[in-house]
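Visitor: Could you look at this predicted model? Sequence included:
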There are 2 protein chains.
Amino acid sequence: MSLYKVTIIGSGNWGSVVAKLAAVNTLKYPSLFDYKVYLYVYEEIVEGQKLSEIINTTHVNVKYLKGHILPDNIVAIPDLFKACVGSDILVFVLPIQFIPNVCYQLRYRVKKTAIAMTMIKGFNVEDGRLSLISNTIRRELNVPCAALMGANIAEGVIREEFCEATIGCNDLQHSEIFKKLFETKYFRIRCVPDEETVEMCGALKNVIALAAGLVDGSRAGSQNTKATIIRLGFVEMIEFCKRYFPNTRLETFFESCAIADLIASSYGGRNRKVAEYFANEPEKTLAELEEEMLQGQKLQGPITAANIYSILERESEVEKFPIFRAVHLTMIKKIPVSEFMLCVQNHPQHSIL
Amino acid sequence: MSLYKVTIIGSGNWGSVVAKLAAVNTLKYPSLFDYKVYLYVYEEIVEGQKLSEIINTTHVNVKYLKGHILPDNIVAIPDLFKACVGSDILVFVLPIQFIPNVCYQLRYRVKKTAIAMTMIKGFNVEDGRLSLISNTIRRELNVPCAALMGANIAEGVIREEFCEATIGCNDLQHSEIFKKLFETKYFRIRCVPDEETVEMCGALKNVIALAAGLVDGSRAGSQNTKATIIRLGFVEMIEFCKRYFPNTRLETFFESCAIADLIASSYGGRNRKVAEYFANEPEKTLAELEEEMLQGQKLQGPITAANIYSILERESEVEKFPIFRAVHLTMIKKIPVSEFMLCVQNHPQHSIL
C-alpha cells in the first residue's frame, strides 16, 4: 500500500499546532503515512523574509506561533496547488472567508481518493439556508469530509497540556486513519459517527462563549448566573442541531466537541474575553475591540450569531432561541448590554413545569 | 382546602436562603400556603444571645447569613418537634450527619399526608450499599420525598442574581406545589420526574469539583485540561447513575442540577477552592485546610468520594471510574497530586475509537 500523503491547509496558530500533531504521528506510523507533512502557507513577508522560508529554515512560525519549534518534517509551501497535489489527506484549518476561493482553486485538482477534514469553527448561509463548511468541501472537491473539534485552545495544545478532541466521521476506516494522524498521549481523540453535530458544535459554542463574556462583563451575576447561561445556551445548541440536522445524536453533546469546548470557551476563549470588554466599553464598536485585542485575528462568534439569527428569522423561530437572539442583538448594539439578561429570564425552558 | 404549612429544617446559609424563597412565595400564594414559614434552628449562643431569638427579632441570621434581612414571616424555632408538628411540607437542608437523628426524632410524629424534600448534597453507605438521603426520609417518616438541586451557591441566590434549580419529583401534583413554593423571578425552576438522578447529581458533582480544584492547584494544564477533566467527570457521573439507578434519564443531565451545578462548582464552589490549596500545601491535611478556610463548614466532596470508592470497590468497578478513584486516593494522600493527571490520561473513554 502506498503511504498517505498529508497536507494541512492553513498555517495560523491552530494550523501550526495541528501540523505538529500530524508530523509527530507520520514519524510514529512510517508504514501508514509519508513522513513529510505539507503545510500550505498564505505567504506573508515578516521582517523582510518570506514566512514559508522562515518556517522551513528555523522551524518556527514566527508570525502565529512564536517561541515553539515545530518538527522538521513539516514542509511549508506557499503555493496552494503544489501543497495539495497528490495528497491523500487534506486538512482545512484556515479562516472561513478563504474557503470558497481555496475550494475553487482546488476543483478537479485533488486526488479522487483523497479524504478531507475541516477544523473550521463556523458555517455559511447560502440562499438563506445553513450550509456547512464540510458541505462546501464535499461539493467542490467531490471528496468525503470529516470534522475535528474540541476543547483545544491552541496555546494549551502546543504546551502539550492534556486535552481531548472529537472527530466526527461517518466512515469507520477513515476514523481510524484520522485518529492515528492526530492522537498523542496528551491529545486524546474520540471518533463519533455524527459529522454534522461535531462540526456544528464547534461553531455554535462561540455564540454561547459571547453570552458568558457578556455575563462576566456586565457583572449581572456570579457563578450561578454564568452556569445558568451556559446551560441554557447548551440546550439551545442541542435544539438548534435537532431542528436543522434531524439525525443528530444526543450522546455527541457529551463529547469534547460539545460540552468540553463550550466550557473551555466560556471561561478561557477569545470570544468570551472580547464580549467581556464589549460589555464594559459601550462607546467602542466590536471592530475596534477586535483590532485592539486580537492582533489581526477575527472573532467567529459574532458572525455565527448573525448567521444563526438570519436562519431563525427566515423560519420565524427566533423566539425559541432567546440566548442566540439576545447575543446577536447585543453584539450589533440593537439592545443594550443591560437588557441581555432580561431576554433570557423568561426562557421557554422555564415555562415547562 | 386548608393551607399548606411549611417547615424548613436547617438554618445554615443555604437553609436561610431557602427559607427566604419560601417566605416570599407563601405571601404570594395566600390561598395555597400558610404565610408563616417555620425554620428549625439548631440552637447556638451568639454573642450571649440565642440564635433563634436573634433571627425572630432582627430577622438576620447573624451566624450563617450576615448582612441580609430575611422576610419577617419566617419563624425560627429551636425545638425540632414544635417546628414540624402539623406541617404539610418538610424541607431538609441540614448537614448530612444530622439526618439519622433528626429522622429518628420525627418518627411517627409528622403528618401522614406531609410531603418532604431534600436539599442535602450527599448520600450514605449502609451495609456497603448506596443509600439516598431521600430514602432515609421516606423510610423513617413514611412520606414521599423529592429533591431540589442546582447551580445555587447561596451567596449568589441571596443577592437575587439570576439562576435556576431543578426539582426531581415523580408526582406531578407535588411538583406544582414545590415550584410555587420556591420559584421567583430570579430563581427559576424546572421539575423533572427523575428524583434519584437529581439527588445523585447534587452529591456527585462535588467530587468532580475537587478534581477541577486539583487541576487548578497543580497547574497541570490550562482551560483545555480543566474542561477535559470536567467532561470526563460528567461522563463518570452519568455512568455511575446508570449503573446504580437503571431508570435514570439522560435528559436530566442537561438540567441545572447536573451540567450547570457541575460548572458552577468546578469554577466557584468551596470544594474546588479547598482542593486547589490542597494541591499546593502538601504538608497540610485536608482537615487542617477545612478548619483554616471554611469557618466551621465541612466539605461534602471528600466524604462523597470515599463513599463512591467503597461502593465501587465492593463491586470491583473502581477501574471504570478513573476520576472518582483518583480524587479519592489523592484526597486521602494515597497518591501524590502529581499523579492525579496520570490516572486520567488513560481513561477508558479514550480506548473507544
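Guide: Perfect, I can see it now.
Visitor: Provide a list of residue ranges in chain A with pLDDT below threshold.
Guide: For chain A, the stretches with pLDDT under 70 are A:1, A:352-353.
Visitor: Specify the residue ranges that define each domain of it.
Guide: A:4-193, A:197-351 (automatic domain parsing).
Visitor: Same list, these, but as CSV with distance to B:Ser11 and mean neighbour count please.
Guide: To be clear about C-beta, it is placed using only N, CA and C from the backbone, and glycine gets the same treatment. Shown next, in CSV, are the domains of chain A (distance: least, CB to CB, whole Å; neighbours: other CB atoms under 10 Å in any protein chain shown):
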stretch, distance to B:Ser11, mean neighbour count
domain A:4-193, 41, 19
domain A:197-351, 21, 21
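Visitor: Is it possible to get a markdown table of these that adds distance to chain B?
Guide: Converted to a markdown table, these look like this (distance: least, CB to the nearest CB, whole Å):
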| stretch | distance to chain B |
| --- | --- |
| domain A:4-193 | 4 |
| domain A:197-351 | 3 |
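Visitor: Out of those domains, which is closest to B:Gly217?
Guide: domain A:4-193 (14.9 Å; CB to CB).
Visitor: how long is that closest one end to end?
Guide: Start and end residues of domain A:4-193 are separated by 22 Å (CA to CA, to the nearest Å).
Visitor: Longest strand in chain A, please.
Guide: strand A:33-40 (DSSP state E).
Visitor: Contacts for that strand, please.
Guide: A:3-11, A:15-16, A:19, A:22-23, A:25-27, A:55, A:71, A:73-78, A:80, A:83-84, A:87, A:180-181 (CB atoms under 8 Å, 6 or more residues apart in numbering or on different chains).
Visitor: how about the domains of chain A, which one is nearest B:Phe324?
Guide: Ranking those by their distance to B:Phe324 (criterion: CB to CB) puts domain A:197-351 first, at 16.7 Å.
Visitor: Can you give me the end-to-end span of that closest one?
Guide: This stretch, domain A:197-351, spans 27 Å end to end (CA to CA).
Visitor: Distance of A:Lys226 relative to A:His347?
Guide: 15 Å (CB to CB, to the nearest Å).
Visitor: and what of A:Ser222?
Guide: 19 Å.
Visitor: do A:Gly150 as well
Guide: 27 Å.
Visitor: Also A:Ala76?
Guide: Taking CB to CB, one finds A:Ala76 at 48 Å from A:His347.
Visitor: And for A:Gly10?
Guide: 37 Å.
Visitor: one step back: need the domains of chain A in JSON lines (columns: distance to B:Ile167).
Guide: Shown next, in JSON lines, are those (distance: least, CB to CB, whole Å):
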{"stretch": "domain A:4-193", "distance to B:Ile167": "31"}
{"stretch": "domain A:197-351", "distance to B:Ile167": "13"}
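Visitor: between those domains, which one is nearest to B:Asn142?
Guide: domain A:197-351 (33.3 Å).
Visitor: close enough to count as contact, A:Glu155 and B:Ser222?
Guide: Yes - using CB atoms under 8 Å, A:Glu155 is in contact with B:Ser222, at 7.0 Å.
Visitor: Now do the shared contacts for these two.
Guide: Common neighbours of A:Glu155 and B:Ser222 are not found (criterion: CB under 8 Å, 6+ apart).
Visitor: All the helices of the stretch 51-200 of chain A, in order from the start?
Guide: Secondary structure of the stretch 51-200 of chain A (DSSP state H, counting those that start in this stretch): helices at A:51-58, A:80-84, A:99-106, A:133-141, A:154-158, A:172-182, A:195-218.
Visitor: My guess is A:Met119 contacts A:Leu148. True?
Guide: Yes - counting by CB under 8 Å, A:Met119 does reach A:Leu148; the two are 5.2 Å apart.
Visitor: Check whether A:Glu319 sits in a helix, strand or coil.
Guide: With DSSP: H, G, I helix; E, B strand; the rest coil as the basis, A:Glu319 sits in helix.
Visitor: element containing the residue nearest to it when sequence neighbours are not counted?
Guide: Leaving aside its chain neighbours, A:Glu319 sits nearest to A:Arg325 (7.4 Å; criterion: CB to CB, 6 or more residues apart in numbering or on different chains). Following DSSP states H and E, one finds A:Arg325 within helix A:322-331.
Visitor: Packing partners of that helix?
Guide: Applying 3 or more CB pairs under 8 Å, 6 or more residues apart in numbering or on different chains; DSSP states H and E, one finds that helix A:322-331 makes contact with helix A:195-218, helix A:223-244, helix A:301-314, helix A:337-345.
Visitor: Next, format those helices as a markdown table and append distance to B:Ser131.
Guide: Below are the helices and strands packed on helix A:322-331 laid out as a markdown table (distance: least, CB to CB, whole Å):
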| stretch | distance to B:Ser131 |
| --- | --- |
| helix A:195-218 | 38 |
| helix A:223-244 | 29 |
| helix A:301-314 | 46 |
| helix A:337-345 | 38 |
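Visitor: closest to B:Ser218 out of the ones you listed?
Guide: Comparing the helices and strands packed on helix A:322-331 by CB to CB, helix A:223-244 comes nearest, at 21.6 Å.
Visitor: Which elements pack onto the closest one?
Guide: helix A:195-218, helix A:261-268, helix A:322-331, helix A:337-345, helix B:154-158, strand B:163-168, helix B:261-268.
Visitor: what's the angle from that helix to helix A:337-345?
Guide: 60 degrees (axes from the mean of the first three to the mean of the last three CA atoms, to 10 degrees).
Visitor: so helix A:223-244 versus strand B:163-168, what angle?
Guide: Going by the same axes, to 10 degrees, helix A:223-244 makes 70 degrees with strand B:163-168.
Visitor: and stretch A:175-191, how far out from the chain's middle?
Guide: 17 Å (CA atoms, centre = their mean, to the nearest Å).
Visitor: Parallel or antiparallel, which strands does the longest strand of chain A pair with?
Guide: Here strand A:33-40 has these sheet partners by DSSP bridges: strand A:4-9 (parallel), strand A:74-77 (parallel).
Visitor: starting at the chain centroid, how far to that strand?
Guide: 22 Å.
Visitor: Next secondary structure after that strand?
Guide: Per DSSP H and E, strand A:33-40 leads on to strand A:45-46 as the next helix or strand towards the C-terminus.
Visitor: strand partners of that next one, parallel vs antiparallel please.
Guide: Counting by DSSP bridges, strand A:45-46 is paired with strand A:49-50 (antiparallel).
Visitor: got a list of contacts for the strand it pairs with?
Guide: In contact with strand A:49-50 (CB under 8 Å, 6+ apart) are residues A:43-44, A:78.
Visitor: ok, now stretch A:124-140?
Guide: Stretch A:124-140 is contacted from outside by A:92, A:96, A:99-100, A:103-104, A:106-107, A:116, A:118, A:120, A:122-123, A:143-147, A:195-196, A:199-200, A:244, A:307, A:310-311, A:314, using CB under 8 Å, 6+ apart.
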